[in-house]
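Participant: this one's structure only:
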Ligand SMILES: Cc1cc2nc3c(=O)[nH]c(=O)nc-3n(C[C@H](O)[C@H](O)[C@H](O)COP(=O)(O)O)c2cc1C
Ligand code: SF4
Ligand code: SF4
Ligand code: SF4
Ligand code: FES
């Protein structure tokens, strides 16, 4: 099985240096893209590979790039890597940032060429201290070796790439809030349109892609779209980093063909549930995705299939819930996170999430009433897509709305027994 | 024009505007918070939600924010769809989770947009049963009271204060549901535009501290349209009175002048009207109180005692100045300014008369793409104009935004796209000014150098070849930057007492026009009625003080400097009559002080810097013993004429004022036989407010001089912009009702801009 994304990641925790990376064929794709390929050709190749964005929304990356007008050489354009990764349960970009920084840099160089962007930023979550060090070292190496800076690879193309460490707020991962915070403004999202491709960082055309997305680019350029698509078990191209956390025997992160089933992931890779624990459900792609349960275990983990099952592939890193965890407390914990991370821009999210949080806490305390269930259900609609300014609040409602579907009995038990059945005195 | 469908009805509307504004214009009510006509749309509050349908087959539709939705041809929307109505109610319910439920003790109550929106959106029963979050308030100086618990996080305040007005000492801090709108530390606001927060904020977070210091419920105010007398911009105001005191001042919308905003001088500097320690409550003859007849008799006998001269006033009404000029004869009537300043005014008048240059309005300045400020500190001398100039720097960059389909109302997208780019605003002044940091380039020059710069611009425009020196390069740079501007404004003024600069400004503007750039000037005059006085006399104060002393001198509402020169000249006069409302140096040396009324107790016309005649009306009748200066003068002459007759006389006599009768409807104006009330229908306490004096309900005072009544009775129709005493429409009790009223007015007469311009009207 080919594992292009993680092939260079070492088990001792040290990162793949420039020399090591080059020894394994690194930067050949970037050299090719910069010296031999036309921008449109790069974009078309990426589009053909059907690489869907790994940041969660699953939009075709090549298509996204094609919206950038590259005709005017005097316009400053930017590429940005989104390494904010604050989605609870998600730790895939971290591996790539800490383990193989040059793969990301190379991907961004190729993107920069395709988009005729001469400046780029790697935006990294505040808490990823090790990643900051590693990325900075790798950037220094790349500058020294002439792969970044002026006239890279001796071409007439120049590309400056910088590391930006974020302030540690979930909303900074939303691409337009990311751009605002990169500009030094409050991390509130922006209204779209205009999309960042038209007016992004400092009002200039900008592409924001997820770290993992960029990491796929060198391989696509090197081996072509046909090869890339062949890696996958679905029509969506490539491999994917999948993670499993929760009370499983072997939690972890694996690079696998897109479209492995949940069952394979959960049992073959994560080793199934720990002894004494039973499976109850899982969030397939991070905290902002809907619960899936037993009946969905054979769902392939690709964007289309998970959507069909009623959830989202999201970041592809699942959180497993077992039978000894209280679903109400589980959701409460997530909502507390989301309420705290609301940027405060729009009313439903800013005021709705704290209300939901309080109601869940009340139910958990054993003081809930059936009316509280109505209030929760009401919010799942009220904070739905389109009603709020950005996708944070609808994302926050996904675990709640699905918990109310699959675990509603547990909510009622709290109400009727006037206590949390999982809490032992 | 395109067709859109709203709840099954078709409408012809303008393409590209946002749906919310379009609906407001159509008279369709959609509740909203964060949208503001001057601040644009940001999509934060989510209250303006409507349903949008893909096409006629789409039965579900999706919720969109009307303020963020450009109207497009054949668009189908619903405002009244059940789902979206529920959504709007939910938004209100959310906001009310933390909002105090104590309207009865809130200063905003009765004039509160939040109250209106709660009622309009249909949220009634409280389901939220947890504690409210609370904040500490800040001390924000003497003018503005802060109550953060009332905040609904619409972001309007920061968008006004920081983005629109360029203030740096106020902002939003915090995240999630703990957002704090305040100063970075306690203390008075830096910006002279801070008072607008009172109106911009849709709730009671920012309220008028001056009102609070003598609070009255807003529906209990008697109101009248007024004009600010603190500078020559002439912002339109509404004064509010109760128990004979002016309690507060509000902005009155005038599209061409102040729009939605005024400065803090206009809003807060009214307390002199109420001050019993400084007000002249009764005329004084030789230091002793004099009743009306004594005053008039003394006045008359002085007139016949020998040569009488008069000094007019650049803050008093056209009417009073005119009558005084009549009384003493034009040859004996002088301006209240020394020769150097007055020359500038007379020069300016001649320039305007020559019609060679366009006189711009504040609105036109706001819309200009290029501006040169030549020798004026606009923030100091005409604050509202500085705010308009600040907006102008976006105009040129906005063109680019519209090319990539970012509409001008999409506030934050425009802000992002424009970034630090700014249009060609140039500021040339001897000292640093507030506008410097917004300008493309600042030139620090003394008056002589400013003239040289302006001359160089003129020479270049006339096609002369100039030597390559620094100054000429600067001139060239300015002109180059303007080369593709659609409109350029030259802003000058009288502060430097340099008439050459004014002439050159006019010259530049007219040459630019010859070069096919739409151009004009705005010349900031020193006082609220400098131009009005300028029409009535060319004689400066110096001419008077250099001439032999007179038997009797009458000084109308003097605010000029009492220099030694003036003092010694006055000392030589036998009798000094000063007509004034508040004590000052002049009333100290007068042997007849005539108690005249302030703007709050009189009516009159002022001519602002751009030559716009504007009418103010009394908000309360003057107390016994006090009268409008024009009224005193009419009585002195024993002419039994009313205010309207006076206006007709002026119109017939002075060509510049031939339209003075049309500035506002005359005293005889009625709608369906009714006067226009100064009080809202909710006015209370009429029977009891004077019960401690007399248990009989007194008849409301009569106003013979205007179509306004000191009463709540009368027409409810809004028919003339110059007669707006309050913003109130069914369901709209706050200043947001401006939107509704303007719409109503548009249908009667174009009353968005009121006042009549003397030049190029
Ligand atoms: C609340 C919120 C948080 C997000 N956080 C991240 C993140 O941490 N990393 C990320 O790549 N994308 C995140 N996204 C998605 C980004 O907005 C954006 O879609 C993504 O970076 C685009 O990259 P892609 O096309 O490569 O997936 C977030 C979105 C939302 C609404
Ligand atoms: S949904 Fe609204 S409040 Fe929540 S994070 Fe997005 S913009 Fe901010
Ligand atoms: S203080 Fe007023 S204007 Fe500012 S956000 Fe709050 S409610 Fe809006
Ligand atoms: S700008 Fe001038 S006219 Fe307007 S409110 Fe201020 S002082 Fe008054
Ligand atoms: S008015 Fe449209 S979202 Fe606030």
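Facilitator: Sure thing, it's come through. Quick caveat, the model's predicted, so the values are computed rather than measured. Ligands and ions are numbered 1, 2, ... in the order given.
Participant: list phi and psi for the most centrally placed residue in chain B.
Facilitator: Most central residue of chain B, judged by C-alpha distance to the mean C-alpha position with C-alpha atoms, centre = their mean, is residue B:235 at 2.2 Å. Here is the backbone geometry of residue B:235 (degrees, to the nearest 10): phi -60, psi 150.
Participant: in this structure it contacts residue B:251, no?
Facilitator: Yes - applying C-beta atoms under 8 Å, one finds residue B:235 in contact with residue B:251, separated by 7.3 Å. For every residue, glycine as well, the C-beta is placed using N, CA and C.
Participant: what touches both of these two?
Facilitator: Shared contacts of residue B:235 and residue B:251, defined by C-beta atoms under 8 Å, 6 or more residues apart in numbering or on different chains, comprise B:258, B:262.
Participant: what residues go with each domain of chain B?
Facilitator: B:2-90, B:343-525 (automatic domain parsing).
Participant: tell me which of those domains sits nearest to residue A:124.
Facilitator: Closest to residue A:124 of the domains of chain B, according to C-beta to C-beta: domain B:343-525, at 23.0 Å.
Participant: for the residue nearest to the centre of chain B, which residues are in contact?
Facilitator: By C-beta under 8 Å, 6+ apart, the neighbours of residue B:235 are B:227, B:228, B:251, B:254, B:257, B:258, B:262, B:263, B:266, B:384.
Participant: now, among those residues, which is nearest to residue B:632?
Facilitator: Closest to residue B:632, out of all of the contacts of residue B:235 and judged by C-beta to C-beta, is residue B:227, at 20.6 Å.
Participant: near the closest residue in space to the closest one that isn't next to it in sequence, how many other residues are there?
Facilitator: In this structure, residue B:227 finds its nearest non-sequential neighbour in residue B:616, 4.3 Å apart by C-beta to C-beta, 6 or more residues apart in numbering or on different chains. Close neighbours of residue B:616, defined as other C-beta atoms under 10 Å in any protein chain shown, add up to 26.
Participant: cool, residue A:310 as well?
Facilitator: When neighbours are counted by other C-beta under 10 Å, residue A:310 comes out with 17.
Participant: so it sits right up against residue A:289, yeah?
Facilitator: No - proximity of residue A:310 to residue A:289 does not meet the contact threshold set by C-beta under 8 Å, at 9.9 Å.
Participant: so residue B:69 makes contact with residue B:52?
Facilitator: Yes - here residue B:69 lies in contact with residue B:52, judged by C-beta under 8 Å, at a distance of 6.7 Å.
Participant: identify the contacts common to these two.
Facilitator: residue B:77.
Participant: please name the residues that touch the closest residue to the residue nearest to the centre of chain B other than its chain neighbours.
Facilitator: Here the nearest residue to residue B:235 in space, its sequence neighbours aside, is residue B:258; by C-beta to C-beta, 6+ apart that works out to 3.9 Å. For residue B:258, the residues meeting the contact criterion (C-beta under 8 Å, 6+ apart) are B:233, B:235, B:236, B:251, B:252, B:362, B:384.
Participant: separation between residue B:258 and ligand 5?
Facilitator: Look at residue B:258 and ligand 5: by C-beta to the nearest ligand atom, to the nearest Å, they are 24 Å apart.
Participant: same check on residue B:255?
Facilitator: Applying C-beta to the nearest ligand atom to residue B:255 and ligand 5 gives a distance of 22 Å.
Participant: the helix or strand hosting residue A:79 close to chain B?
Facilitator: Element membership of residue A:79, judged by DSSP states H and E, is strand A:78-83. No - residues of strand A:78-83 contacting chain B under C-beta under 8 Å from any C-beta of the partner chain: none, with a closest distance of 13.0 Å.
Participant: pLDDT on the helix or strand following that strand, on average?
Facilitator: Towards the C-terminus, the helix or strand next in line after strand A:78-83, according to DSSP H and E, is helix A:92-99. For helix A:92-99, the per-residue pLDDT values average out at 98.
Participant: can you check stretch B:266-282 too?
Facilitator: Per-residue confidence for stretch B:266-282 averages out to 97 on the pLDDT scale.
Participant: also stretch B:568-580?
Facilitator: Regarding stretch B:568-580, the rounded mean pLDDT is 97.
Participant: what do you get for stretch B:692-701?
Facilitator: Across stretch B:692-701, pLDDT averages out at 86.
Participant: end-to-end on it?
Facilitator: The stretch stretch B:692-701 measures 18 Å between its terminal residues, going by C-alpha to C-alpha, to the nearest Å.
Participant: hmm, who's touching that stretch?
Facilitator: Judged by C-beta under 8 Å, 6+ apart, the contacts made with stretch B:692-701 from elsewhere in the structure are B:620, B:621, B:686, B:687, B:690, B:709, B:710, B:711.
Participant: just the buried ones from those residues?
Facilitator: Those of these that meet the buried threshold are B:620, B:621, B:709, B:710, B:711, by 16 or more other C-beta atoms under 10 Å in any protein chain shown.
Participant: please name the residues that touch the residue lying closest to residue B:381 once chain neighbours are set aside.
Facilitator: Using C-beta to C-beta, 6+ apart and skipping the chain neighbours, the partner closest in space to residue B:381 is residue B:524 (5.1 Å). By C-beta under 8 Å, 6+ apart, the contact list for residue B:524 reads B:231-233, B:376, B:378, B:381-382, B:385, B:491-495, B:609.
Participant: which stretches of chain B have low pLDDT?
Facilitator: Counting by pLDDT under 70, the low-confidence segments of chain B come to B:745-751, B:761.
Participant: find the closest residue to chain A in it.
Facilitator: residue B:94 (3.6 Å; C-beta to the nearest C-beta).
Participant: and chain A, which of its residues are near ligand 1?
Facilitator: Near ligand 1, the residues belonging to chain A are A:53-57, A:59, A:61, A:82, A:84-87, A:170-171, A:173-175, A:208-210, A:213, A:390-392 when assessed by C-beta under 6 Å from any ligand atom.
Participant: just the buried ones among these, please.
Facilitator: By the neighbour-count criterion of 16+ other C-beta under 10 Å, these include these buried positions: A:53-56, A:61, A:82, A:84-87, A:170-171, A:173-175, A:208-210, A:213, A:390, A:392.
Participant: narrow the residues you listed to those in helices?
Facilitator: By the criterion of DSSP state H, membership of those in helices covers A:61, A:175, A:213, A:392.
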